[in-house]
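Trainee: here is a sequence together with a model predicted from it:
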Amino acid sequence: MNRIRLLAVLAALTLLAAACGDGDTGDTTATTTAPETTAAGGLADLGGRAVTVAVENAYTPFNYYDDAGNAVGWDYDAVGEICARVNCVPEFKEVGWDGMILAVSQSQFDMAADGITITDERKEVVDFSDGYIDLEIRLMTLVDESRFTTLDEFKNGAFVVGTQVATTNYDKAVEEYGADRIIAFDQFPLAVQALIAGDVDAVIIDDTAGVGYVGESADQTKLLEGSLQSDQLGFIFPKGSDLLAPFNAAIAAMKADGRLQEINDQWFS
């Protein structure tokens, strides 16, 4: 083998060895280096994962369209804050309330955020996050209502109550007043409009949402003193969702550092 050919062969072998060495190093790195799993504050890092979030966009102040046509509300701010902490991207999807829980249970969406009351019955088909706010079920009336001034006076009269179908408010209305005194609507704004129009005498509603509606029509509506029932709200996920633990940890962190209270104060004051 002449010198030129020998040098060429040695060069080729050197390149081959380098290539093999680089490949081995790359494979080892890929199999032994775990992806980043924690975000700031020790929270889970979801790696920029998209999370589909079912909302009505018709439940003030949780989710609704403002005067400019923008979808806004507590849900948008709270879920946005959670995703900022655990590195996910919320994708809000408008869904009717009557099929929302079923759709989440069937994994059509990653979660739902719609002021959903935590109940044992619902826990049978979906997983709930930790509760993020306490609420009271109350009656909304016209601001100048004089036929009744207390919950008992309303219950003992022949008054008609409006509410939304398939809600804990509807269930409470049946329990308190009987089905024949209820007019049910697909969305709470329709029930509030019926109250203002005089088609119902009161609306049974969560006080968190009630504050929002009264805020928009303070010259027409008010919340009657007293509570019919105390509940908690939570986000829902398909059974066994891997999002549950990261979201619960983020909620706990937001409670601890005061951010959750800031969002509550903004939307429920």
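Mentor: Alright, I've got the coordinates. Numbering: from 1, shown residues only.
Trainee: how about Glu91: what's its closest non-neighbour residue?
Mentor: Thr52 (5.0 Å; C-beta to C-beta, 6 or more residues apart in numbering). In short, each C-beta sits where N, CA and C put it, glycine included.
Trainee: which parts of the stretch 1-150 of the chain are helices?
Mentor: Remark: helices assigned in the stretch 1-150 of the chain by DSSP state H, counting those that start in this stretch are 3-32, 74-86, 100-105, 120-123.
Trainee: could you tell me the least trusted of those helices?
Mentor: Here the lowest mean pLDDT among these goes to helix 3-32, at a mean of 37.
Trainee: now do stretch 258-269: everything it contacts.
Mentor: By C-beta atoms under 8 Å, 6 or more residues apart in numbering, the surrounding residues in contact with stretch 258-269 are 61-62, 73-74, 77-78, 81, 132-133, 208, 211-212, 251, 253-255.
Trainee: give me that answer again for 7 Å
Mentor: 61, 73-74, 77-78, 81, 132-133, 208, 211, 251, 254 (C-beta atoms under 7 Å, 6 or more residues apart in numbering).
Trainee: what's Leu260 sitting at in phi/psi?
Mentor: Note on Leu260: backbone dihedrals following degrees, to the nearest 10 are phi -60, psi -40.
Trainee: if we can go back for a sec, now for the residue nearest to Glu91: which residues touch it?
Mentor: For Thr52, the contacting residues are 91, 93, 109-110, by C-beta under 7 Å, 6+ apart.
Trainee: can you tell me which of those are in strands?
Mentor: Assignment to strands by DSSP state E places the following of the contacts of Thr52 there: 91, 93.
Trainee: drop anything exposed from the contacts of Thr52.
Mentor: In those, burial by neighbour count holds for 93, 109-110, counting by 16 or more other C-beta atoms under 10 Å.
Trainee: shaky segments in this protein?
Mentor: 1-40 (pLDDT under 70).
Trainee: closest to Ile196 among the contacts of stretch 258-269?
Mentor: Val211 (16.7 Å; C-beta to C-beta).
Trainee: which residues are in contact with that closest one?
Mentor: If you count contacts by C-beta under 7 Å, 6+ apart, Val211 has them with Phe268.
Trainee: for the helix or strand harbouring it, buried residues please.
Mentor: Secondary-structure assignment from DSSP states H and E places Val211 in helix 207-216. Residues of helix 207-216 classed as buried: 207-214 (neighbour count, 16+ other C-beta under 10 Å).
Trainee: can I get it as PDB, trimmed to CA atoms?
Mentor: What follows is the C-alpha trace of helix 207-216 in PDB, where atoms were taken according to Å, rounded to 0.1, in the frame of the first residue of the first chain:
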ATOM      1  CA  ASP A 207     -73.800  33.800  45.000                       C
ATOM      2  CA  THR A 208     -70.500  34.000  43.100                       C
ATOM      3  CA  ALA A 209     -72.400  34.200  39.800                       C
ATOM      4  CA  GLY A 210     -75.200  36.200  41.300                       C
ATOM      5  CA  VAL A 211     -72.700  39.000  42.300                       C
ATOM      6  CA  GLY A 212     -71.600  39.200  38.700                       C
ATOM      7  CA  TYR A 213     -75.200  39.500  37.300                       C
ATOM      8  CA  VAL A 214     -76.200  42.000  40.000                       C
ATOM      9  CA  GLY A 215     -73.100  44.000  39.100                       C
ATOM     10  CA  GLU A 216     -74.300  44.300  35.600                       C
END
